[in-house]
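compute the structure for the input listed below.
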Amino acid sequence: MLLVKDVATWYGQAQVLFGVSLEVCPGEVVALMGRNGMGKTTLIRSIMGLTPIGRGTITWQGRPIHELPPHRIARLGLGLVPEGRQIFPTLTVRENLLAVAADHGGSDEPFTLDRVYAMFPCLAERSDHLGRDLSGGEQQMLAIGRALMTNPSLLLLDEATEGLAPMVCCGIWRALGLLKERGLSILVVDRNIDALQAIGDRLCILEKGRIVWQDTSPFRAFDMEMRMRYLGV
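Numbering: from 1, shown residues only. Okay, here's the model as predicted:
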């Protein structure tokens, strides 16, 4: 579905990505990990057209998308849950969800308001509350629900559970597991390798803007020494 090939990205004179290549296949969950500042967010932004690439290609279902603007990429069936959530603070939960409702992926069973509320019951309880009045965990659930309301074929999550309470994290991982069962392709950035092992089909590690490790589930070869080398502080 998604093929990133030899992508290099700069911020001004500073190069962040150095020839990154990865792919996401239909129904696959790909985990992207690495220390802070290694280029994970830049890669997600490059895929979505938010940060233009300087070299390489990004294709979606065989079609080059790296020169398209973000809104056209989204309409092709890519849904983004950005780092920092970036919900609409002055809209209610219901309005946040309905504002982006579409069926970009052509799903047989598209996500609706009721389906999102069933996945995240706390959003149903807070339906008439403004986005700015939600807790951090509720805002993250809303950001995921908002992306699902576009009915994407590929869901991209940047820092899926960063800074959230353990109980909230469990709810999000449960939801991602359900999405995997539905056959949704997912590219997820997070630090919880144990949770990622439970749902991931493949692990990719970014180190200084380069993919330095790839392995398939359950990441058996990624032992404690490897964790410290690539993920330890």
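
tell me where the model's unsure across this structure.
Applying pLDDT under 70 to the chain flags the ranges 105, 217-225, 232-233.

quick one: contacts for the residue nearest the centre of the chain?
Residue closest to the average C-alpha location in the chain (C-alpha atoms, centre = their mean): Leu157, at 1.6 Å. Contacts of Leu157 were listed using C-beta atoms under 8 Å, 6 or more residues apart in numbering, and they are 81, 144, 176, 186-190. Heads up, the C-betas are built off the backbone N, CA and C, glycines and all.

in CSV, list these along with distance to His129.
Output for the contacts of Leu157, formatted as CSV (distance: C-beta to C-beta, whole Å):
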residue, distance to His129
Val81, 20
Ile144, 17
Leu176, 24
Ile186, 28
Leu187, 30
Val188, 27
Val189, 28
Asp190, 26
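
ranges for the strands of this structure?
For the chain, the strands defined by DSSP state E occupy 2-11, 14-24, 29-33, 55-60, 63-64, 78-81, 154-157, 185-189, 202-207, 210-216.

tell me the buried residues in stretch 189-199?
189-190, 193, 195-196, 199 (16 or more other C-beta atoms under 10 Å).

which of the residues you listed fall in helices?
193, 195-196, 199 (DSSP state H).

what's the lengthiest helix in the chain packed up against?
Across the chain, the longest stretch assigned as helix under DSSP H is helix 166-181. Here helix 166-181 touches helix 136-148, strand 185-189, helix 193-199, going by 3 or more C-beta pairs under 8 Å, 6 or more residues apart in numbering; DSSP states H and E.

flag every buried residue along the first one.
Neighbour-count burial for helix 136-148 flags 137-148 (criterion: 16+ other C-beta under 10 Å).

go through those and say which is closest to Gly19.
Ala147 (28.5 Å; C-beta to C-beta).

how about the contacts made by that closest one?
By C-beta under 8 Å, 6+ apart, the contact set of Ala147 is 79-81, 155.

between those, which is nearest Gly49?
Nearest to Gly49, judged by C-beta to C-beta, of the contacts of Ala147 is Leu80 at 10.1 Å.

so the closest one touches Ile44, yeah?
Yes: Leu80 lies in contact with Ile44 (C-beta atoms under 8 Å); the separation is 7.2 Å.

any common contacting residues for these two?
156, 158.

related to what we said a few turns ago, of the ones in helices among the buried residues of stretch 189-199, which is the nearest to Ala74?
Ile199 (23.6 Å).

what pairs with the closest residue to Val188 other than its chain neighbours across the strands?
Leaving out its chain neighbours, the residue that sits closest to Val188 by C-beta to C-beta, 6 or more residues apart in numbering is Leu157, at 4.5 Å. Under the criterion DSSP bridges, Leu157 forms beta bridges with Val81, Val188.

quick one: Asp158 from Ile186, how far?
Distance check for Asp158 against Ile186: by C-beta to C-beta, to the nearest Å, it reads 12 Å.

please apply the same query to Arg45.
Counting by C-beta to C-beta - Arg45 and Ile186 are separated by 17 Å.

repeat for Leu22
13 Å.

which one's more surrounded, these two?
Ile186 (23 against 19; other C-beta atoms under 10 Å).

burial measure for Lys208, as a count.
13.
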